[in-house]
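Enquirer: below is the sequence, then the predicted model.
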Amino acid sequence: MSKEKSIYDNEKFFNSYMEIREGENNHNDLIEQPTIKRLLPDLKGKTVLELGCGYGENAIDFINRGAKRVTAIDLSSRMLNLAKQKNSHPCVDYYKMDMAEIDKLNGKFDLVYSSLAFHYVEDFKGLIKKISQKLKKGGTLLFSQEHPLTTATIDGKGIFNKSESGEYLSYTFSNYNQSGKRIVHWLVDGLIKYHRNFSEIINGIIDTGLTVTKVLEPCPGDETVASVPRMAKERIKPSFLIIKAEKK
């Protein structure tokens, strides 16, 4: 449905990303996913729209939690092909679609969910408005994104400062209140993200009439830090922002 291209269709980026996700002790599996999944509403008999579905692991999880139907969209052909190979299900519909086009979808949903995709969206407030329109009354928006402290610095090169012994001490960043496009290096050169400060994100949700019910900046526990020492830096600067909102 969309002619736009996704960075995930870049072969080098896709292969590097999948290597991270399939490896042990990645940030998604240790911090982001356990936290966001704790905020899921009861999905028994419910309809779900997933934005940026990737290779479909969440879509299948929603079905396993009792969802009646899942509509899962992504802009990446590579990701969708993998989703259809590994995570197909008669109650999951996968579509190649830009998030900005969700107003073209039929029906409304009990849950709109997105994991680590909204920082790629240029018109955040416009997207939230369309999400609000696609939510049923009493429906839930649940999403995670890169934390604004992470996306803030223009070149994407915020710096963790260490002691002589290698202990993480602090984090240096800039341009926090300068919203807009960031062209950074992550796996490949020229990756485009969009930065918004915390208040712009929260007010962008409130202004559409949704009610913010939970905001989390997940931090690893003692057990996680003990087993994966590099996760200690998440206690200085969180990587993720997770927000839950409802259509009252």
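Expert: Alright, I've got the coordinates. Since this is a predicted model, take the numbers as computed values, not measurements.

Enquirer: pretty sure Ile205 is touching Val212, no?
Expert: Yes. Here Ile205 lies in contact with Val212, judged by CB atoms under 8 Å, at a distance of 5.7 Å. For the C-beta atoms, the positions are set from N, CA and C on the backbone; glycine is no exception.

Enquirer: joint contacts of these two?
Expert: In terms of CB atoms under 8 Å, 6 or more residues apart in numbering, Ile205 and Val212 are both contacted by the residues Ile243, Ala245.

Enquirer: packing partners of the helix or strand that contains Leu169?
Expert: Element membership of Leu169, judged by DSSP states H and E, is strand 168-172. Applying 3 or more CB pairs under 8 Å, 6 or more residues apart in numbering; DSSP states H and E, one finds that strand 168-172 makes contact with strand 159-162.

Enquirer: quick one: strands adjacent to the strand it packs on?
Expert: According to DSSP bridges, the neighbouring strands of strand 159-162, each with its direction, are strand 168-172 (antiparallel).

Enquirer: picking that back up, where's the strand holding Leu169 relative to the chain centroid, distance-wise?
Expert: In terms of CA atoms, centre = their mean, to the nearest Å, the centre of strand 168-172 is found 24 Å from the chain centre.

Enquirer: list the buried ones in it?
Expert: In terms of neighbour count (16 or more other CB atoms under 10 Å), strand 168-172 has its buried residues at Tyr168.

Enquirer: show residues contacting it.
Expert: Outside strand 168-172, the residues that touch it by CB under 8 Å, 6+ apart are Leu149, Gly158, Ile159, Phe160, Asn161, Lys162, Ser163, Ala232, Lys233, Arg235, Ile236, Lys237.

Enquirer: look at the fifth one and say how many residues are nearby.
Expert: In other words, Asn161. Here the neighbour count serves as a burial measure; for Asn161 (other CB atoms under 10 Å) it reads 11.

Enquirer: format the CA atom coordinates belonging to the strand holding Leu169 as CSV.
Expert: Backbone C-alpha positions of strand 168-172 (Å, rounded to 0.1, in the frame of the first residue of the first chain) are rendered in CSV as follows:
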residue,chain,number,x,y,z
TYR,A,168,29.9,4.6,34.3
LEU,A,169,29.5,8.0,35.9
SER,A,170,27.4,10.3,33.8
TYR,A,171,26.0,10.9,30.3
THR,A,172,26.7,14.0,28.1
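
Enquirer: tell me which strands the helix or strand following that strand pairs with, and in which orientation.
Expert: With elements assigned by DSSP H and E, the helix or strand that comes after strand 168-172 is strand 180-186. In the sheet containing strand 180-186, the strands it pairs with under DSSP bridges are strand 188-195 (antiparallel).

Enquirer: list the buried ones in the partner strand?
Expert: Leu191, Lys193, Tyr194, His195.

Enquirer: on that earlier part again, who's more crowded, Ile205 and Val212?
Expert: The residue with more neighbours, out of Ile205 and Val212, is Ile205; 21 against 15, by other CB under 10 Å.

Enquirer: make sure that one is indeed in a strand.
Expert: No. In this structure, Ile205 is helix, not part of a strand, as judged by DSSP: H, G, I helix; E, B strand; the rest coil.

Enquirer: where are the low-confidence patches of this protein?
Expert: For the chain, residues meeting the criterion pLDDT under 70 lie at 1-4.

Enquirer: please pick out the residue of it most distant from its centre.
Expert: Outermost residue of the chain with respect to the C-alpha centroid, by CA atoms, centre = their mean, is Glu164; its distance is 34.7 Å.

Enquirer: list of residues touching the lengthiest strand in the chain?
Expert: The longest strand of the chain (DSSP state E) is strand 135-146. Contacts with strand 135-146, where a contact means CB under 8 Å, 6+ apart, come from 32, 35-36, 39-41, 47, 51, 108-119, 128, 131-132, 193, 201, 205, 210, 239-248.

Enquirer: that concludes my questions; thank you for your assistance.
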